[in-house]
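Student: build me a structure from this.
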Amino acid sequence: MKKKAVLGAVTAAAVIAAALVPAGPAVEAATEGTSSAPRGFGASMSSVQQSSWQTNASVNAVAVAGNLVFAGGLFTRVRPPGKARGVGDAARKYFAVFDRTTGVPTRFAPKVNGPVWSVATSPDGKRVVIGGDFTAVDGVARSRVAMFDVATGKLVAGWDPAVSYRVAALKITGSTVYVGGSFGTVDRVVRNRIAAVSLSTGALLPWDPDADDDVHAIELSADGTRVFVGGGFTSIGGRSSHALAMLSPSTGAAYAMPAAAAIPPLSPGCDSRVKDIEVQGNKVFAGNAGAGMGCYDGVLAADAKTGKLIWQSHCLGATEAIKAIGNWLYKGSHAHDCSADGGFPDKTGMHHLLVHSTITGKLGPWFPNTDAGGKTMVGPLSFASGGNDLWAGGDFTTVNGVPQEGLTRFTNTPGGAAPAQPAAPKVASARVSKVTIAFETVLDRDNITLTYLVYRGSTRIGTWSRTSNSWTKPTVTSVTDSGLTSGQTLSYHVEVSDGRNVRKSPTVKVKVR
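Tutor: Now for the predicted structure:
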């Protein structure tokens, strides 16, 4: 719907020579993540970012079809990972296509004359549609929406709905393209902020829910019987409904959606808008961004048939993007306070990338991060996935503290992030024939619970499981090694394991009393 082998030696010339539809290795399906996933990290994705090219400005929308990743935004050039602006870059104005396996751009490079705010691919992967502020593509008139043939990279001739203003949301079914945004007409016919056109011809369809404010997100239920819409509206489909609605795909009439009542009503002090919607099986998820002190910024889950609320998260810090993979709902936001959900309190920094359990809504073990170093100071804005990866576009300039602008990706490559190196344990022998060993917990971006092993020389004397979070102080575990020979000098160290990676502390010595 939407929105690291270093490739520094790759030049702009090499980019132009790249295959239009790259022939890479087959991409494997994802394994559903659980909190005890055996790959060495807790959620479906590792928090270690993988190599991909980057952009020179914000990526507003990303979508996946096969081995291609489509990105639209405010950027005008792309460049290799690890490179500064202007080094080894290539022109890609507002729209670029990348190889999903390597992260390298393809030759698919249409010339778009204005920002792109939304990208969607057809269910069969043969078509990609972009929406935004543009009025021409490759010198051909296209009013805020355009369609390309994925196999050839060419603009689809004759598919040219004329939308009067910005297109910020797109969803494609087998026969229909749903369009949402800030517009008032399509093909000079009144369509307030939401419309539907034919996938094959681009002709305007009778479907007309008539939203009274902007539409930011459109999704379809898995069985095709519901259209979910998010935005800033208070009326849509003939029903009063703020920010979130469930519509008939045939008539555009709104069904009752009880979960929408969990979003605070529009008031002078709070305007909470649904910025992204995700559907997985019988659930629909909505992510909100609120304007106003303490205004709702969280994520909710609802039944995709009845619209009833299943769970709700109340983290503060606007949610811009969500994506369900396995048992996890990945979230791009500038969350700064999740204490209402039992998570981190305020003033612990911005947590731009998080994950919630799709089952309970609780925060999960995945803690990579970006900055919000772009012009909008937001951070991640859009997600897309092919199943075993997560592509994130946005207004950031670093990922996990490393320079990377506008676009990044995470995968389920085994291993994940390693725990931090543990400090040397504190050891003492205050009693005869005994040594006490105290060790502190460390952090791992992929796991909350880690295994700690204490060694005397090469002999393991015990194993402990401990939890830790970046927003809490390290805990200290004190253990006693007994039955030792007085007068001997012994060495001790601690090892920390996440199930695949092991980190070892410095060794310390103590003389047994």
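
Student: residue 318 and residue 382, how far apart?
Tutor: According to Cβ to Cβ, to the nearest Å, residue 318 stands 14 Å off from residue 382. To be clear about C-beta, it is placed using only N, CA and C from the backbone, and glycine gets the same treatment.

Student: quick one, which of the two is more surrounded?
Tutor: residue 382 (30 against 24; other Cβ atoms under 10 Å).

Student: contact partners for that one?
Tutor: For residue 382, the contacting residues are 2-3, 59-62, 276, 320-321, 332, 392-394, by Cβ atoms under 8 Å, 6 or more residues apart in numbering.

Student: using PDB, write out the CA atom coordinates for stretch 161-170.
Tutor: The C-alpha coordinates for stretch 161-170 follow below in PDB (Å, rounded to 0.1, in the frame of the first residue of the first chain):
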ATOM      1  CA  PRO A 161      -7.100   9.200 -14.600                       C
ATOM      2  CA  ALA A 162      -6.900  13.000 -14.000                       C
ATOM      3  CA  VAL A 163      -6.800  13.600 -10.200                       C
ATOM      4  CA  SER A 164      -7.200  17.200  -9.100                       C
ATOM      5  CA  TYR A 165      -4.800  17.200  -6.100                       C
ATOM      6  CA  ARG A 166      -2.300  15.000  -4.100                       C
ATOM      7  CA  VAL A 167      -2.700  11.200  -4.200                       C
ATOM      8  CA  ALA A 168      -1.400  10.000  -0.800                       C
ATOM      9  CA  ALA A 169      -2.900   6.500  -0.700                       C
ATOM     10  CA  LEU A 170      -3.300   3.600  -3.100                       C
END
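
Student: so what sits opposite the most centrally placed residue in the chain in the bridge?
Tutor: By Cα atoms, centre = their mean, the mean C-alpha position of the chain lies nearest to residue 383, the distance being 4.4 Å. Applying DSSP bridges to residue 383 gives these bridge partners: residue 392.

Student: wait, it sits on residue 391?
Tutor: Yes. Taking Cβ atoms under 8 Å as the definition, residue 383 is a contact partner of residue 391 at 6.8 Å.

Student: joint contacts of these two?
Tutor: Each of residue 62 lies in contact with both residue 383 and residue 391 under the rule Cβ under 8 Å, 6+ apart.

Student: let's verify residue 321: helix, strand, or coil?
Tutor: What DSSP: H, G, I helix; E, B strand; the rest coil gives for residue 321 is strand.

Student: residues in contact with it?
Tutor: 2-3, 275-276, 287, 331-333, 380-383, 392, 394.

Student: of the residues you listed, closest to residue 486?
Tutor: Among those, residue 331 lies closest to residue 486 (Cβ to Cβ), at 56.6 Å.

Student: now the strands for the stretch 1-150 of the chain?
Tutor: 49-50, 54-55, 59-65, 68-73, 77-79, 90-91, 95-99, 116-121, 127-132, 136-137, 140-141, 145-149 (DSSP state E, counting those that start in this stretch).

Student: can you redo those as JSON lines with distance to residue 214 and mean neighbour count?
Tutor: Shown next, in JSON lines, are those (distance: least, Cβ to Cβ, whole Å; neighbours: other Cβ atoms under 10 Å):
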{"stretch": "strand 49-50", "distance to residue 214": "32", "mean neighbour count": "20"}
{"stretch": "strand 54-55", "distance to residue 214": "25", "mean neighbour count": "26"}
{"stretch": "strand 59-65", "distance to residue 214": "14", "mean neighbour count": "27"}
{"stretch": "strand 68-73", "distance to residue 214": "18", "mean neighbour count": "28"}
{"stretch": "strand 77-79", "distance to residue 214": "29", "mean neighbour count": "23"}
{"stretch": "strand 90-91", "distance to residue 214": "31", "mean neighbour count": "16"}
{"stretch": "strand 95-99", "distance to residue 214": "22", "mean neighbour count": "25"}
{"stretch": "strand 116-121", "distance to residue 214": "11", "mean neighbour count": "28"}
{"stretch": "strand 127-132", "distance to residue 214": "13", "mean neighbour count": "26"}
{"stretch": "strand 136-137", "distance to residue 214": "24", "mean neighbour count": "18"}
{"stretch": "strand 140-141", "distance to residue 214": "25", "mean neighbour count": "11"}
{"stretch": "strand 145-149", "distance to residue 214": "16", "mean neighbour count": "23"}
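
Student: in JSON lines: those, plus distance to residue 454 and mean pLDDT.
Tutor: Output for the strands of the stretch 1-150 of the chain, formatted as JSON lines (distance: least, Cβ to Cβ, whole Å; pLDDT from 0 to 100):
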{"stretch": "strand 49-50", "distance to residue 454": "33", "mean pLDDT": "96"}
{"stretch": "strand 54-55", "distance to residue 454": "43", "mean pLDDT": "98"}
{"stretch": "strand 59-65", "distance to residue 454": "45", "mean pLDDT": "98"}
{"stretch": "strand 68-73", "distance to residue 454": "45", "mean pLDDT": "98"}
{"stretch": "strand 77-79", "distance to residue 454": "47", "mean pLDDT": "98"}
{"stretch": "strand 90-91", "distance to residue 454": "53", "mean pLDDT": "97"}
{"stretch": "strand 95-99", "distance to residue 454": "46", "mean pLDDT": "98"}
{"stretch": "strand 116-121", "distance to residue 454": "52", "mean pLDDT": "98"}
{"stretch": "strand 127-132", "distance to residue 454": "55", "mean pLDDT": "98"}
{"stretch": "strand 136-137", "distance to residue 454": "64", "mean pLDDT": "98"}
{"stretch": "strand 140-141", "distance to residue 454": "69", "mean pLDDT": "98"}
{"stretch": "strand 145-149", "distance to residue 454": "59", "mean pLDDT": "98"}
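
Student: residue 437: which of those strands is closest?
Tutor: Using Cβ to Cβ, the strands of the stretch 1-150 of the chain put strand 49-50 closest to residue 437, at 35.8 Å.

Student: contacts for that closest one?
Tutor: Counting by Cβ under 8 Å, 6+ apart, 4, 103, 368, 389, 399-400, 402, 404, 408-411, 413 sit against strand 49-50.

Student: may I see the ChimeraX selection of the buried members of these?
Tutor: The following ChimeraX line selects those of those that are buried, judged by 16 or more other Cβ atoms under 10 Å:
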select :103,368,389,399,400,404,408,409,410,411
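
Student: mind checking which of the contacts of strand 49-50 are in strands?
Tutor: 389, 399, 402, 408, 409, 410, 411 (DSSP state E).

Student: biggest separation within those residues, which pair?
Tutor: 389 and 402 (18.3 Å).

Student: follow-up on the earlier one: reformat the strands of the stretch 1-150 of the chain as a markdown table; add distance to residue 431.
Tutor: Listed next are the strands of the stretch 1-150 of the chain as a markdown table, based on distance: least, Cβ to Cβ, whole Å:
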| stretch | distance to residue 431 |
| --- | --- |
| strand 49-50 | 49 |
| strand 54-55 | 58 |
| strand 59-65 | 61 |
| strand 68-73 | 62 |
| strand 77-79 | 62 |
| strand 90-91 | 69 |
| strand 95-99 | 63 |
| strand 116-121 | 67 |
| strand 127-132 | 72 |
| strand 136-137 | 79 |
| strand 140-141 | 85 |
| strand 145-149 | 76 |
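
Student: and this structure, what are its domains?
Tutor: 12-411, 426-511 (automatic domain parsing).

Student: most packed of those?
Tutor: domain 12-411 (a mean of 20; mean count of other Cβ atoms under 10 Å).

Student: fine by me, thanks again.
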